[in-house]
Each structure stands twice: as structure tokens, then as C-alpha cells.
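# please find the sequence and the predicted model below.
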Amino acid sequence: MNPLLSAATPTTTWYLVLAAVLFGIGAVGVLVRRNPLVMFMCIELMLNAVNLSFVALAKRLGDIGGQTTVFFVMVVAAAEVVVGLGIIVSIMRRRPGATADDIAALKG
Amino acid sequence: MPPIDYPAIDWLAVSPMIVVLVGALVLLVVGSLTRMWPRSLYALVTVAVVVPAVILEMVLWNRVGHEGPVSIVDDALSIDRLTLFAWIGITVAVGLVALSTSEYLRREELDGPETYAMYLAAAIGAMVMASANDFVVMFLGLETLSIALYVLAASHRRRAESQESGLKYFVLGGFASAFFLYGIALLYGSTGTTNLSGMGEFLRGQVFLDGDDAMLLAGLALLLVGLGFKIAAVPFHFWTPDVYQGAPTPTTSFMASIGKFAAFAAMLRVLLVALPTRADDWRPVVWVMAIASVVIGSILAVAQTDVKRMLAYSSISHAGFILIGVEAAGHSGDTAGLPSALLYLMLYSVLVVGTFTVISLVSRTGDGRTDLASFRGLSKERPALALAMTVFLFAQAGMPVTSGFIAKFGVIKAAADNQSYAVAIVAMVASVIAAVLYLRIMISMWLSDAETGDETREKVAVPFTSAIVILAAVIFTIVAGVFPGWLIDASRDALAVVR
Amino acid sequence: MSLLASGTGEALSFPILTALVLVPLIGAIATLFTTARRPEITKMVALFSSVVTGGMSLWLLASFETGDAGFQFVSKHEWIQSWGIGWHLGVDGISLFLVVLTGVLFPLAIVGCDPHHDEKPYLAWILMLEAGVMGSFLSLDLVLFFLFFEIVLVPMYFLIGRWGYDQRVYAATKFFLYTMVGSAFMLVGIVTTALLASDQLGGVTFDLVEIAEGANFAASTGRWLFFAFAIAFAVKVPLFPLHTWLPDAHTQAPTAGSVILAGVLLKLGTYGLVRFGVYLFPEAAVWSRELFLTLAVIGILWGAIAATMQTDLKRLVAYSSVAHLGFIVLGTFAFTTEAISGGVMQMVNHGVSTGALFLLVGMIYERRHTRAIAELKGLQKVAPIFAAAFMVVMLSSIGVPGLNGFVGEFLVLIGSFSTARWWVVIGTVGVILAALYLLWAYQRVFHGEPDEANSSFRELRLREGAVLLPFIGLIVFCGLYPKPMLDRIEPSVKVLLERVEERTGFQTSTGDHSHGDMHGDSDDESHGESHDESDNEKGEG
Amino acid sequence: MLDLIWLVPALPLAGFVIILLFGRLLGEPKAGFLATAMVGGSFAVTAGVFFDLLSRPEAERAHVEKLFTWMPVGSLQVDLAFLADPLSITMALFVTGIGSLIHLYAIGYMHGDPKFSKFFLYLNLFVFSMLMLVLGENLLVTFLGWEGVGACSYFLISFWHTRESAATAGKKAFVTNRVGDWGVMMAMFLAFGAAGTLSYSGINHAAEEGIISGVTATAIGLMLFVGAAGKSAQLPLYVWLPDAMEGPTPVSALIHAATMVTAGVFLMTRVNPVLEVAYDWAPTIIAIVGVATALFAATIAVAQNDIKKVLAYSTVSQLGFMFLAVGSGAYVAAIFHMVTHAFFKALLFLGSGSVIHGMHHEQDMRKMGALRVLMPVTAFTFIIGWLAIAGVPPFAGFWSKDEILLYAFAESPILYAVGMVTALLTAYYMTRQVIMVFFGEARWNDHSEEHGAHGDFKPHESPVVMLIPLVVLAGLSVVGGAMQLPFSKDLHFLEEWLHPVVEFGEADIKGTWAYDNKYVLLGVAVVVALVGIAVSVAVYARKKIAAVEPKLLADGWYYDSAIARFMGGPGRKAFDGVAWVDRNVVDGAVNGVGRVVQVAGGTLRRGQTGAVRNYAAFIGVAVVALLVWFFVRGVVL
Amino acid sequence: MELVVFVLAAAMILVGAIGVIVRSNPVHAALSLVLTLFGIAVLFVAQEAHFLAAVQVIVYAGAIVVLFLFVIMLLGVDRTEDIKIEPFRVQRPLAAVVGLGVVGLVVASVSASRDAIGTGTGAGLDIPTVTGDNDSNIRQIARSVFTDYVAAFELTSVLLVVAVVGTVMLTRRIKSGKGRS
């Protein structure tokens, strides 16, 4: 075992950094993907990154509030997905196979 | 296992929300179980729900005056005059929007109880946002409002634009919510609480060593992103024109009035209750956002040809004005900023509902005729409607004797009170630029000659319920412009927030 | 010393000033409730309310206490208490005649001009305009003034935009926006003034008199504030180089609009400079006088030269306004009793003569449907009485002694000579140019043999003559016997200048003649030094 | 009687008002007689005042009649008041006297004109204004009249306004006069600044007391002279006067010969104490300008063919003489010459009018000749006027011109020499005119066909209303010199009379060579006049010498056309330039701001692509910016 | 041990996340998302959030991703998206700026103040520590939900109502003709 590994126990910071990276990937995903469904997924990634942060911080702070918050966030995420998918379904019915870039009649 | 120590609930304090919630559920349940209700009844029921809510809010206003502000449900909600001011504004606006929606839905063949239930549910979200003393609660309120608005924006199923706006709003809203939430997480990490007043207290007692507050500030930054998105401030405004234009017009007015009111109330609370100690950090950001909003909103508005879109940009500019008040409120010892922002919101809400109600009538069947040409000849066809629109537009431009002037005056005064003269001047000059767009609409209504094809257009119908809304808004706009004293005093009373 | 001291004692049960504002407003609303099928009733209602207003203004003139410098008929009520804004109206020698002019001009404009379509809203807007203008001249509260000053734009916008000529929308929009830019600065200035004064006054108030009497601004602050006000007024006046909205607005406005615009609206700017610029910020006004004098003189010449080259008769008259208003500004910033009194006279006189000129041009347009000078010819032969009326008004505008235009101009120039010598020397050249452009225009329009299109030009009709008669009467009367006016104007001006002198040490009187020689520069320098000293005092204080 | 002085201007004013209201009702000729009666009445009152003044001791020969306070503000207190003193009454006498004669004449001259009554309307208004000018107690009342006569002159020059040239001439007169008015206004400002008053007595008193410093007095004097140069048609502002001949001939006689144009001389005389205080070079400038104008105009007159143009340039020239007098300090001589000039020049003009009338509005002398037979009275009176102006003793012009030249010599022999040359030229061109019009062969028969309507064209003598004034004026031209004869101190009636106003007199040149040899000068003058006449006769009657009428002189040294070319060329371009800048730069900046906003809006719009991913990206960038700011605040700072 | 878990879970998370944004087929993306969600669930366990880990797997990985897949199938939008082409030239550079910027700055901020974390006086301090044995995680959450967060909890009911009604509103077929009346 090299000393780095042995010395290293993942601290809260590690989790936070991981969460930040995940959040960043999610954000980049929203920017680069054109399929609205995949964009939603990326938003889910971002929310999960936040959840991860909350949980890690809750542990570090010794406060259950962070975990409770994650619980609520999950509810919100679920609700968002439901509604978001609803919107997509109603759009896709009208325009099957449209990408996010195609849906740009309103501009200027 | 120790028993759960349920928090005591001050039922009177939450009664307005309960009334609204009950209204929403009644509409939903009874409405979906029965056949189509008679014309306008859904809207009238909504109004009937709103009226007692407003009354209760006034009772609470009085109570808070006597007993002082309280925080209830384990500090999750603050019942102070900031809350109540916002609540009154929100509920009144809901009533007005509901009334103006009634005939719209009939015309567009979308009638049903769901829209009204959605309004009321969204109103609860908005009320929660305005009163939340906990970030989690605020986030949930925000999401309730937002999700309802996503749905409402996309709810005109015959219009592709409506669905497009719903999708855009949803994607960007979700994106911004994630930032907002991340901001909450980082603040939580730095302070150990999600409670606003708790956070404020903690920060007051905390001395940060070098760099220790970096996470706090990063959280603050992300929080401002979320809030900036909701209030539609530059540079988070990109959704606004598209969504305002595409959404069904009553929904647009809902967003512009209630949405903005709730978001600003939440913003004020976050910044002034949780983070007043970091005012030196956020004030410059708000300053930049304010200036950028007034200027860019105005400039972009000038280049438009669609009235709804113009007003969307102008709402960005108005948001900038309100941000000036917020910025002023960030100065230590300031007593003018918060009241001016609230006053602006109250006056603007009514104004914007009136404006969009007119637009919803002019947009004619299909809700598509919102370009400038559609307003051509309105003064001949419907002089009273054109006159009302003129009042609204002048008010938005900040002409005296209308509420718009009082609103701007208050904000400018707040800025001047804190020596932010540059902001004040930039804002006033930008409002001149914005005046161009109001003038353009008026030119269409009053000064343009009829063109071929105009006479074959569908005539603009002015149904009774919408007329009531417009009349009420006009009266309020002028009365508040001439006798604004009571509103100013009320907004000033809101200074005593739960800290 | 207080300007208010004598005025408040007035025990008048009837709030005449409030009525002056409200009667036209009520008239406007009443007009809207008349039926469109009976236009004559609409017109009667409108005319009635404007005549009542005019009558009240004349009554005001009659019962005005001559020799009393303070504000009279003061009407002071709480309005927006929480912001310290009050309904404070009052009239003194400076505003009195502007009020009367407003009261007299509007009925004449209503009678004398025909909108041709949509008479009802037209009259309503005119009456609303009257209320706004009255309010502006009477307000003694900064916000109240701003309110009226700004609201005036709305009726004017519609009057130009709806009843104007082919370029009306452009002109109306330009007018509206241009003026609004100025107001934007003024609003910030007003708010800041009140807030900065509140420390010295012990509370925020927008009351003009209280601020002016009770507050003293540091030199640099006062200058900034002054400029915030001055920009708005400079646009309104309009002062070179902010004048280009005016030719467009005047040219495109319907006749009544031009008459009112030239007659009273422009005076809001010059009046504002005196009432709010000089009165509130004497130090800054004195400090910046060279700038304003220079711009005024440039305006005089520029307006005159530009007027000479116009091909549109109305545009020519519009540019002549730029030149004439330059004289008023020149007088204002000369800070002598004669000059400012002359400036106030000139405000009224310009209103009368240019108003009449626009009426006449409007009549030409009614008959010929053109304003192009090139298309008019030989009108004097076919319509000698019309030509004579035009001639009298034009001579007044040129500033021929014995007519009213001369009095103001002369007093401005002679009054300014002691404190602004070289500006006067140059500015007086404008007198020459006035003759040039007006006579040249007159020659092209009225002289010569009328061609076919012009030979059927109709002679002045009775109604038109009846409208013009009061104008001509005023032109001659004020030219020959301005004493009653000056007697009322002078005390207020004197007090104002005493204030300027007291605050700045600027030598305002022309009284000392012992060194009245060509070396005027040395005088100016000594003035400069003295007010520099006072700067320092205020800076420390 | 003195307190009735207000009646003097009031009567013509009343005439004006009556004709204004009832002019059409009165019609021809009643309007004319009414107007004449009013001016005549005015003359009578003036005469009464004159005798009243005469009956008083010299010190009391000044009376101020205040009507009301005109402009009281601050330290400026201007009354509408009249000053009856020897100078003003002298002026008023000849203004009303000659005025009434010319009114009478005009009744005949304007016969048949459709605007007959309007003509008298203007004429009465003019007399009123002129009386305000001369009777004014202060500079401002004078200025009122000053501008009033200018306006009336404008009306009357362009009386036949359908004629383009008349309209242009009127405008030119007014505008050129305005240039002079600038000077008068400056002088008023300076005087007020220095003396604190505009009243003549105040200003003159201040000058005498030394309150007005030399430099200010110089400025006042020169500025007034600028005004006088405008009104009295001196270089460089004389250009309007020849053009003013577009007006009806009675107008030329009244306004552009006898009265209005002398206002400048009057004004300078009025403020002579100020000129006395001024630096010495100031009057010298006036004298030089005067004599230069005299010579200049005389040279032009030599080559004119229009009967009125000759007289117009002659007027300019004679006015130059008056200014030479003023500049030399010979105010009395100036007034003297003004009066005599009024007599004979009015006579000449009226005579020419009579000729024109008889010739059916033909003004070209080349188409005249031998008219003495057909128009005997006109010819006779015209010849008297000619002798008067040519300086032949004992006619009026000789005495007054001689007195001026005497003073000029005392000032400087050069001035005298130039004056003499001018006198020579005057005799020459006036003789030329008389010969061309009244002698030689009749050239008008040749052109009879040109007179269209009048099939059998034949010049005729004028009606009697026109001849009476001619005769009266001829009489005055003969005896007018008696006012002021050089032979003895006792014969200096005018000097004596004006003494309260003009203290400067013959005593002041005592001891100079000129004074001691004034009879020599007298003789030289006679010789010069006769030489001029002789040469002219040789040229035009005997045709022994070829006539020298170069185009240069006929076109007035091209001065007028140079000005016209400048005004039409660079001047107009400059004005156009200002208008261009106004439109494109000043207004262009305004519209430019609007365009900038629009362009900015258009550019920013492009960021609003409609693609939700772009929006997200922009928001993301803003997030990064915010994070950077807060990171900087938190960590770096 | 902890390290190994963390590294493995982090690898799952990141691989899954990258999979979501680079897999051109939406079905694959959804499946990658499942991977990430599982990885997060693992870390929840590592951070003593047992209840949340369960919910994460059941609700998130189970219900939500299934919903995604369902919709993909329903709409037949499982066509691959050509992610090599980017119609907006600035989009990817901006994305890079945003990604790197957000990650970099948040990481920098977090590490700058890493020592300050945990100094906060949380509102939940009276609740026994997460690691304590005296109360299970689920109980603690329950207690927290019904005391401190009862308002939020109640609000979720509204939220869910909104979501349900909203979805109904959005997806209900439009009736042709003159509506329901």
C-alpha cells in the first residue's frame, strides 16, 4: 500500500469534490445534449450531486437536517420528472423526434 | 423511544394558505366529479376563495401590528408584514388573474377546473416562498410554484408555442433550481442550518478567517443564480421572453405578477434575514444585475414586434428597478429599500395583470394575435379598452398620476437615500428607452392608419369578467398613483421582518 | 427675507389655484362623457371649462397684490405625507403672467383651431394639457411640479400624434422621449435634493420653499443637483444643442398644438430654470452661468440662421422660437432685475406672438394645405387683412418697439449688458437675423403676384379675426404699456436676486455706474473671485 | 402750449387709427385729405409750441411732457415722454411741415391707386413714428420711432408689393437698418450702464459731469454712428437707399430724402455732449466716413440714368455732408443742412415724381428731355431745387453746404478738399439731370409705342395738388438759407436757437485759418459750383465733351452687387451649412442615439436564439462569473 | 476499506455520469444514469444515510429511471443522437467553460474552507448524532420530518398534487370540436 492510500480516508471534502464534479458533468450534459429527455437526466445528475453533498455535509455536521432535505429533494425530483415527461410527451406527440434545438420557434 | 414533540401550529397564521389549499382541492375534486360548471363559475369560486384569504391576511396584518411578527411551525415560516404584504399581493393577483382567465379559457375551449386549481396551488407555493424561513421550505415552495407554472405555460394544447414555452421554462427552471439547491447545500455546509433566521444569527456571531467563508460565498453565488432566474434578472433572463410570449396570456400575467412577487419576497428574505452580514458581498452583484436588467431589458424590448415579448423584456427591466430597491436594502441601516421594492411589486403586479388581460383579449381566438399589428385600430374598435391599455402602458413607463410613477419614485428615492445616484440615473434613462416600446404599442393603438385586411379580422371581444379585471386594475393604477400614501405606509410597515 | 412670509397670510376661502388646475381636468373628463353625435355640445363643454379657467386666471390677475414679492393665494395641503410630498400651490410675480397666459391662450386655441376629426378626445386632451400646464406653473412642491411637468407630455404626445401632419408619429415620439430623458435626470435631482436637504430641515420634504429657505447645499453637490434640473429644463426650453425635437414637434403638431407648445409649454423650461434652478441652487447657477449664457447666445444665432434656411413656414417659426427662447435664458443667467424681469416678460410675449404666428400659419395651411414657402406667393394681394395681421404679429416677433416682443427682448439685453457684456453684444445680432428670416419669409409668402393656386386664398374670416384680435390687442398693449406687468413681476424677481446675491456674493444690480466703462471683463473677474470665496466657505460648512 | 406737445404725434396717430378703421369707407380722396389735415394739424401745434418756446428765456426752452412710465424695472425707468426743446421742435417743424406738403402732393400722385387709403395709412403712421423719434425724451422712445420709421419705410418701399423688386428693396431696407439698430441698442446698453438712465438729459448731463468716461463715450458715439449709418445710409450700410426708390415717389421724398434718413444726424446731434467727451478720433472717424460717403455717392450719381436713382445717390452724398459736419463738430451746420436739404431734396423728389407722373411712370432720363415746355411749373421748381443743391448762391443749399465746409476746413483741409470735389460733382450731376430731363430734344416721342395703353402718349403737367407743394418748397429752397447766414453773428438765427442743445458753435473755430478766411472759402465754393455746372452743360447740353459714364460708376463701384453676390454665395452657403449641421449633426446625434439603441437591441436579440441549450449555456457562464466574483471576495480579498 | 468503497462508488458515479452525457442512444444514457444513481446510493450508505440509500435505489433508480425508459419507448425517441455534430459553434466551448468553471470554483471554494465545515451550529444539534446507536437513521429522519420540517412535509403534498394534476392537464387528449360543454 502506498502511503498516500493508507493515509487517506475519504473526508467530507472528497465527497464534496466528487459531488461538484458530478454537478459539473450534469451541467455540461444539459448544455451539450439535444434530446430533451437526456437533458432531464442531466438535471437529475445535478440534483443527485446536490443530494450527495447534503448527505456528506449532514454527516460532517452531525445534523440529520441534511438527510431530511435530501428526502424532500427526491420528492421534488420525482415531481419534476413527472411533469417534465408530461410536457415532453405532449410535445413529442405533435412533433415526434424533435430535439431541443428544433423547438426554437420563439426567439429574438 | 421518545415521543415526537410536534411543533405547535398557529392556525390563524397559516389560515390563508389553508383557505387557498381547500379552495384548490374543492375545485379539483368537486370539479372533476361534476359536469362542466356554468360559465365563469370556476373563476368566481376562485375569487370566492381568494376573498376570505385576503380578509384573513388583513386580520393577520392587524395582529402582527399589535403583537409583532412571529415565526411559526418550528421557525419554518415567518409571519411578518413582509409576508403579509406579499400574501395580499399574491392572493389579490390570483383573484384578478382567475377572473381574466375565465373567458380566455372559454374562448380557447380549454375550460375546466384544473387551471384554477393550479393557480391556487401555485399561489400556495408563492405564499410559502414569501414566508419561508427555511431554505428547504422555500425550495419546496419555489418548486410548487415553478412546476405549476411549467404546466400552466404548456397548458394551451393547441398552440405549439405554448408547449415550447413550457419545455423551455421547465428545462431552464430545473437547471436553475439545481443551482439554487446546490447553493442551499453549500450554505448548509457552512452554517449547519437551513433555517434563514438561524443562519443569520449564526453569521452574525461568526468571524471568518481567511478563505473560510469561500464555501459560504459560493453557496450565496449559486443561490443568487436561482433567485435571479426566478425574478428574471439579467443575465438569467433568457427564458423570460420566450416563455412569456409562448405561454397562455393569463399564465404570463400570473408569472409576471405572482411569480415575480414571490421570488422577490423570497430574495429579500434570503438576503436580508439570512445573509445581511454578507451584504457587502452580494450588494455589488445585485447592483450589476439591476443595472444590466434595466438597460438590457429596455434595449431588447425596443427591438421587438410582438407585444407580449416586448412586455416580457419590459418585465426584465422592471425587475431591474425592483433590484435597485433590493440593493438599497443591502445598505446598513437602510429603511427605504425594502419598502420601495415591495411597493413596486404590489403596484407592478396589478398593473401587469391589467396589461396582460388586455393583451389576452386582443390576442383573439387562438391567443396568437399579439404582434403590434393586432393592436392597430384598437382605439377605433374598442376605445375604452385602448384607453385602459394606454393607462397601463403609461404607468409602466412611469408617468405621473399612475402607480408606475409612485413605484419608480420609491425605488429612485431608496437608491438616492444610499447615494447610489449612478444607478438611479441609469435606471431613469433606461426607462426612457423602455418608453419607446410603450409608445410603439400606443402608436399602433391610436396613431396608425388601418391597413387592408384589418376589417376582416376577428373583432376584439371584451367579456364582462375581463372588463372587471381591467377596470379594477385601471382604478387601482390611478388611485395608487394619486393617493399612494396608504400603500407607502403599509410597505414601510413591512420593514419589521423576522430576523 | 422669506419668500413665503407675506404670501401665507392671504385669507382666501376659495382655493382659486386648485380650481385652476381642477376645472380643466374636470372639463376634460366631462368632455369624454358627452356624446360624439353632438360635437357642438362637446365643444361647448370644453370651451366652457377653458373659458372659466381663463376667467379665473384673469380674476387672479385682478386680485393679485401688486408689489408683494411672495407667493399669493397659497394652497397647501398634505398629500403623500410619508414621503413629504404636499399639494402646495402658489403664485408670485414670476408665475402670475404665465398662468394668465395659459388661461387666455387655451380658449383661443380651442376656438381658433379645428381638429377635423375625433373632436371629443382632441378637446379632452387639450383640457388635460391645460390642467397640466397650470399645475406646472403653480406648483411649489418639487414632486408636484415634476408630476405636472411630466404629465404634460401625454396630452401633447397624442395631440401631435393623432391630429398632426404626415410625420406626426416620429415627431410626437421624439418630443416625448427627448423630454423624458431630461425629466429622468430631474427626477433623480429632485429626490436627491430633498434627501440631502432633509438633514438640515429635520425631515424629508419636497416643499420648494422650505428647501430653498432652509437648506444650503455644498458647492459641488449643489452643482450636480442644479445640472440634473437644468438638463430637463434645457431640453424643454430648448437650449442649443438640445433643440432639435422642437422643429419636428412644432411642424407636425396640429395648429392648436403648436400654439400651445410654443405659447406655454416651452416656458415650462425657462420658468423652471428661474423657479427651480436659480431659486434652489443660486450658487450653482452663478457658477455655471458662462455655460448657459454661451449656449443661449449660440441658440439665438443658431436658431435664427437655421430659421433663415427653412423651406417650411412652420418650421421656420419653430426655429425662431429657439432663437427667442435663447434670449430668455440669456436674461435668466445675467442675474439682474431688468434681465430676469425681461425674461419673464419675454416668456409671455413670445407665447403671445409666436402663438399667434402659429395660428396664422395654421390658417394658411387650412386654406392651401401646404406649409412650403415655395408654394405660397402673393397672399397680401388676395388677403390684405390676413397679411396685415400676419405683419403685426411678425413685427412683434422681430422685436419692433411698441409691440410686445421688443419689451422683453430689450429688457433682457439691457439688463444683461452689465453682467454679461460680450454675450449681449453677440446675442443682439440675433435681432438683425430675426428681421432677415421673417421678412424674407414674408416676402416670399405674401409679396409678389399670386399665382393660380394662391389667387383663391380666402381672406380672414370673422371667427378667425375674433381669435386673432386678442392676440393683436395683447401685442400692442404689452408693447406700449408693460408697466402693470413689470410692476407685478419685479418684486418677486428682486427678492430672488437678493437671495442670489446673498448666497453667492454675485453683484446682481446694475445700480453702480461709477465704473461703467468698456472694461467689463474686470467686473466679471471680480465676480468670479467673490463667488469662489463663497464656495470655500460652503465647502467647509 | 408746451403741454400740448403730445398732440403733435397724436394727430397723425389718430389719422392712422381712423384710416385703419374706416379707410375703405373714406376712400379716395377723403382719406388723403384726412391724413393731410392730421399732419397739417400737427404742424400747427408744433408751430404753436415753437412760438411758445421762442417766447421763453433760453434756459427754459426745454419741456418734458411725460405721458406714462413705459418700462419701469430695477434701475431702468423709462418714461414715454416727449422733450420739447429747440432741436426737437426744429425737427418736428420740418417733419410736419414738409410732411403735410408731401401728403398733399400724394393725394394727386396716388390718384387712382387701388390702395390709395392704405398709402395714407402708412404715411400717417410714418409721420407719427418720425415725431416719436424726434420728440422722444429718451433714447428708447427715439428708438421706438426709429424702428417705427424703419417699419413704415419697409411698408412703403414695398408698397407695390406685387413687384418683386419692390418687395426685395423693402426687405433690404429693413434688414440693413437692423444692422444699424444693433449699434443703437449697443449704445443704449452702454449709456444705461454708464449713466443709469436712457433719458437724453440724463446721459448728456452724465457726459458733462464726467460720469461717462472717455472710452465709454467713444463707444456710445461710435455705436450710435453705426445706427446712424444704417438709418442715414452711410458707408458701408448705404446700399438700401438707392433700392428704396422702388417706393412711390412721395415716399422717396418724405422718407428717403427729407426726414427719416436724417434721423441719424439728429441722433448724433442729440447726444453731442457725449461725443464731446469721446476720444478725439471718434468724431474724426465720423467725419471721414461722412465725407467718403459723400464723394462715393456723388461719383455714382454721375452715371445714373434713373431720375430717382440720381436723387437717391445725391441724398446719400448730402447725408455724407451732414455727417462730415457732425464729425467736425458743426452740429448746427449739420442741422442747417438737414433742413435746407429737406427743402430742396423734397422739392427735387416731388419734381421728379411730377415728371414720372407726367411721363406715365417712366423713370429713365434717357427717355425724357425737353419737358420744360410741357411741364413748366415742375420744370421751374425743379430748377430752383437744382440751383439750391448745386450750391449756387443765394439758394438755401449754398449756405448750409458752405458752413459745413468751413468747419471741415477747420478740422482738416483734406476733409475740406474732398468735400469740395463732392460739391463739384454734385453741381455736375444735378446739371446733367436737369438737362436730360427738361432740356435738349424730346426723346420720349421715340418710345411712344412702349407705353401701350396710352395711344397718343404725351407728357402732361401734374394736377394742382401736386404743384402747390412744389411751389412752396421751391420758395423755401430759395429763402431757407436765411436761417443761418455767415455774415454776422446776429444772422446766426439757427445757432442761437439751438444753443441750449448745441453749445458748440462758431466760437469754437475762432482763430483757425478757415474762420479768418471764410469769405475766401465762400468764393471758392461759388466757383466750384459754377465750374461743375459749366462742365456739365458742356458735356450734356453743348455736347462739346464726351460724357464720362463708366459702367463702374453706373453700377455703384460694384459695391452693392458684391454684397449681393456674397450674400447669395458664401453667405448663403454658410447659412445652409448651419442648417445642414443642425439637421445632420445636432439632430443626427439625437437620431443616432435612437439608432444606436435599435442596433444594440438588434444585436442583443441575436443572443436570444430560441435554443434552450444556448440559454442554459449563457446562464452557466453567468454562474461562473458570479462564482468568480464571490471566490475573489472570499479567498483572494 | 472506506477508501476502496469511495473510489469504486466514485468510479461508478463518474462513469455513469459521463455515460449519460456521451451515450448517443437515450436508452443507454438512462441506463448509465442508473449506474450513477447506484453509486450514489453506495456513498449514502457510506455516509450513514441508510434510509436515503434505500429510497435512492427504489425511487430513483427504480421508479424514475423506469419512467424515463417508459417515455422513451412510448414516444419512440430512442433514435441515436449524433453527438459529434454541434449546430452551435460556441456551445461546446461555453459548456467547457461552464463545466470547468463551476467544478473548479466550487472545488476551490470547498477546499479553501474545508476546515470551517462543521463549525456551524446546526439547528438539529439537539438530535443525537447520526452515528449514535440510540436511534436508527430512519427514526431520526422521521422525527426531523415531523418536527423541524413538518411545514416542508405538508408542502410536498401540495407539490405532488400539482405534479399529478399538471401531468393530467398536459397529457389529456384535446377533445375535438366545441369542447366539453
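Yes, it's here.

# wait, what's in contact with the nearest residue to residue C:239 once chain neighbours are set aside?
The shortest distance from residue C:239 to any non-neighbouring residue, by CB to CB, 6 or more residues apart in numbering or on different chains, is to residue C:295 (5.1 Å). Glycine gets a C-beta too; all of them are placed from N, C-alpha and C. Listed by CB atoms under 8 Å, 6 or more residues apart in numbering or on different chains, the contact set of residue C:295 reads C:234, C:239, C:240, C:241, C:329.

# for the longest helix seen in chain A, name the packing helices and strands.
In chain A, taking DSSP state H as the definition, the longest helix is helix A:65-94. Secondary structure elements in contact with helix A:65-94, counted by 3 or more CB pairs under 8 Å, 6 or more residues apart in numbering or on different chains; DSSP states H and E, are helix A:36-61, helix B:135-153, helix B:160-191, helix E:50-55, helix E:65-75, helix E:137-146, helix E:150-171.

# just confirm yes or no for the first one near chain E.
Yes - figure legend: helix A:36-61 in contact with chain E (CB under 8 Å from any CB of the partner chain); contacting residues A:37-38, A:40-42, A:44-45, A:48, A:51-52, A:55-61.

# so what touches the lowest-mean-pLDDT helix or strand in chain D?
Using mean pLDDT, DSSP states H and E, helix D:513-516 stands out as the lowest-scoring helix or strand of chain D, at a mean of 77. If you take CB under 8 Å, 6+ apart as the criterion, helix D:513-516 is touched by D:406, D:407, D:409, D:410, D:416, D:506, D:509, D:521.

# next, the buried residues of the next helix-or-strand element following that helix.
Sequence-wise, the next helix or strand downstream of helix D:513-516 (DSSP states H and E) is helix D:518-536. Within helix D:518-536, the residues that count as buried by 16 or more other CB atoms under 10 Å in any protein chain shown are D:518, D:521, D:522, D:524, D:525, D:528, D:529, D:532, D:533, D:535, D:536.

# still on that earlier bit, now neighbour count, pLDDT and secondary structure too, for the contacts of residue C:295, in CSV please.
Below are the contacts of residue C:295 laid out as CSV (neighbours: other CB atoms under 10 Å in any protein chain shown; pLDDT from 0 to 100; DSSP: H, G, I helix; E, B strand; the rest coil):
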residue, neighbour count, pLDDT, secondary structure
C:234, 27, 92, helix
C:239, 25, 90, coil
C:240, 26, 85, coil
C:241, 18, 88, coil
C:329, 28, 93, helix
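
# now for these, which pair is the farthest apart?
Using CB to CB, the contacts of residue C:295 reach their maximum pairwise distance at C:241 and C:329, which is 13.3 Å.

# show me the contacts for the closest residue to residue D:546 other than its chain neighbours.
In this structure, residue D:546 finds its nearest non-sequential neighbour in residue D:539, 7.4 Å apart by CB to CB, 6+ apart. Residues in contact with residue D:539 (CB under 8 Å, 6+ apart) are D:432, D:545, D:546, D:547, D:548.

# over to residue A:34?
A:99, A:100, A:101, D:613, E:81.

# can I assume the first one is in contact with residue A:36?
Just to be clear, that refers to residue A:99. Yes - at 7.4 Å, residue A:99 counts as touching residue A:36 under the criterion of CB atoms under 8 Å.

# neighbours around residue C:167, how many?
13 (other CB atoms under 10 Å in any protein chain shown).

# scratch that, residue D:490
8.

# and it, what's its pLDDT?
pLDDT recorded at residue D:490 is 75.

# doesn't it lie inside a helix?
Yes - the assignment for residue D:490 by DSSP: H, G, I helix; E, B strand; the rest coil puts it in a helix.

# please report how far it lies from residue D:514.
Note on residue D:490: its distance to residue D:514, by CB to CB, to the nearest Å, is 21 Å.

# residues in contact with residue 56?
No chain in the question, so chain A it is. Residue A:56 makes contact with A:12, A:15, A:16, A:19, E:43, E:47, according to CB under 8 Å, 6+ apart.

# look at chain E instead
So residue E:56 contacts A:51, A:74, E:37, E:40, E:41, E:44 (CB under 8 Å, 6+ apart).

# one step back: could you measure from the residue nearest to residue C:239 over to residue D:182?
Taking CB to CB, one finds residue C:295 at 21 Å from residue D:182.

# hang on, the earlier thing: and the contacts of residue A:56, which are buried?
Of the contacts of residue A:56, these count as buried by 16+ other CB under 10 Å: A:12, A:15, A:16, A:19, E:43, E:47.

# mind checking the SS state of residue D:361?
coil.

# mind naming the longest helix for chain D?
helix D:7-54.

# downstream of that one, the next helix or strand is which one?
Heading C-terminal from helix D:7-54 (DSSP H and E), you reach strand D:63-73.

# buried residues in that next one?
Result for strand D:63-73 [16+ other CB under 10 Å]: buried residues D:63, D:64, D:65, D:67, D:69, D:70, D:71, D:72, D:73.

# contacts for that strand, please.
The contact list for strand D:63-73 (CB under 8 Å, 6+ apart) reads C:337-338, C:341-342, C:407, C:410-411, C:415, C:480-483, C:486-487, C:489-490, D:2-3, D:5-6, D:53, D:77-85, D:137, D:140-141, D:201.

# so what's the residue in chain A that chain C sits nearest to closest to, chain neighbours aside?
Nearest residue of chain A to chain C (CB to the nearest CB) works out as residue A:108 at 22.2 Å. Nearest residue to residue A:108, sequence neighbours excluded (CB to CB, 6+ apart): residue D:605, at 4.9 Å.

# so which helix or strand takes in the one you found?
Element membership for residue D:605, per DSSP H and E: helix D:587-607.

# need the next SSE after that helix, C-terminal direction.
Moving toward the C-terminus from helix D:587-607, the next helix or strand (DSSP H and E) is helix D:612-631.

# and the angle for that next one with helix D:587-607?
Using axes from the mean of the first three to the mean of the last three CA atoms, to 10 degrees, the inter-axis angle of helix D:612-631 relative to helix D:587-607 is 100 degrees.

# buried set for helix D:612-631?
Quick answer for helix D:612-631 (16+ other CB under 10 Å): D:612-624, D:626-627, D:629-631.
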